[in-house]
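Colleague: Whatever this is, show me its structure:
(2 chains)
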Amino acid sequence: QQQVKQSPQSLIVQKGGISIINCAYENTAFDYFPWYQQFPGKGPALLIAIRPDVSEKKEGRFTISFNKSAKQFSLHIMDSQPGDSATYFCAARTYSGGSNYKLTFGKGTLLTVNP
Amino acid sequence: GAGVSQSPSNKVTEKGKDVELRCDPISGHTALYWYRQRLGQGLEFLIYFQGNSAPDKSGLPSDRFSAERTGESVSTLTIQRTQQEDSAVYLCASRRGQGAYEQYFGPGTRLTVT
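Modeller: From the prediction side, this is the model:
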């Protein structure tokens, strides 16, 4: 119930191409879906996030598409750049009242953008 | 302002020894999380502190793991009698509190148990 499944495990894209990473979940109680970007030796950093009452959110070259009925969401990176090479994690929030919530993370996707 | 800091950045220890990892959250952040990240894996939730409430320890993998936090300040994660499978990066994150969504992560402590 708490699992978030992420694919692919790794992805190689040419500069200027579109990178697409997919996540699926089972728990319908999840209420917030962030994506994190992690560079080697650094902690993850929030990239973009979406709530389930919208189907798409765009910030610059990054777009989240959300399909509530299919319980799937994806990250699209347009015009991918070598500087986007990093590990990307999707996550889903479980809210347990007050200020209490936890994130369940996917296993990550290692993105390599070739110049 | 200053972000989340963790120390040490790297720790090599012998199997069976105890280790203590430290996290300094962003000032004013009431929520603090510990995660474990094994090589090639996602982030595994360990424990969550929210203000003065009882911590959520549901992610601790065994009784060899414990964590403390005094008020809304520093937290320490202690692993007793370390095992080789404890080798991982241990990440700490803090969050501002009620109504805030974003968790801010520290750089992590890479623990290697030999």
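Colleague: what residues does stretch A:27-40 touch?
Modeller: The contact list for stretch A:27-40, computed with CB atoms under 8 Å, 6 or more residues apart in numbering or on different chains, reads A:1-2, A:23, A:44-52, A:62, A:64, A:66, A:71, A:73, A:75, A:86-95, A:101, A:103-105, A:108, B:101-102, B:105. No exception for glycine: its C-beta is placed from N, CA and C like everyone else's.
Colleague: Contact distance from chain B - what residues of chain A qualify?
Modeller: By CB under 8 Å from any CB of the partner chain, the residues of chain A that approach chain B are A:6, A:32, A:34, A:36, A:41-46, A:49, A:89, A:91, A:93, A:98-100, A:102-108.
Colleague: near chain A, which residues of chain B?
Modeller: So far as CB under 8 Å from any CB goes, chain B lies against chain A at B:4, B:30-31, B:33, B:35, B:40-45, B:48, B:50-51, B:53, B:56, B:91, B:93, B:97-99, B:101-103, B:105-108.
Colleague: ok, the residue of chain B found nearest chain A - contacts?
Modeller: Using CB to the nearest CB, the single residue of chain B nearest to chain A is B:Phe105, 3.1 Å away. Counting by CB under 8 Å, 6+ apart, B:Phe105 makes contact with A:36, A:43-45, B:4, B:91-93.
Colleague: Next, the contact list for the nearest residue to it once chain neighbours are set aside, please.
Modeller: Using CB to CB, 6 or more residues apart in numbering or on different chains and skipping the chain neighbours, the partner closest in space to B:Phe105 is A:Gly43 (3.1 Å). Contacts for A:Gly43 were tallied using CB under 8 Å, 6+ apart; they are B:4, B:91, B:93, B:105-108.
Colleague: The residues you listed: which two are farthest apart?
Modeller: The span of the contacts of A:Gly43, defined through CB to CB, is set by B:Ala93 and B:Pro107 at 11.2 Å.
Colleague: more crowded one of these two?
Modeller: Neighbours were counted for B:Ala93 and for B:Pro107 using other CB atoms under 10 Å in any protein chain shown; B:Ala93 has more, 24 against 17.
Colleague: and the gap between that one and A:Tyr36?
Modeller: Separation of B:Ala93 from A:Tyr36 (CB to CB, to the nearest Å) stands at 10 Å.
Colleague: Phi, psi for B:Tyr104 please.
Modeller: The phi and psi values for B:Tyr104, taken as degrees, to the nearest 10, are phi -110, psi 120.
Colleague: list the contacts for it?
Modeller: Applying CB under 8 Å, 6+ apart, we find B:Tyr104 in contact with B:3-4, B:26, B:29, B:93-95.
Colleague: pLDDT score for it?
Modeller: Looking at B:Tyr104, its pLDDT is 93.
Colleague: Buried ones among the contacts of stretch A:27-40?
Modeller: A:23, A:44, A:47-50, A:52, A:62, A:64, A:66, A:71, A:73, A:75, A:86-94, A:101, A:103-105, A:108, B:105 (16 or more other CB atoms under 10 Å in any protein chain shown).
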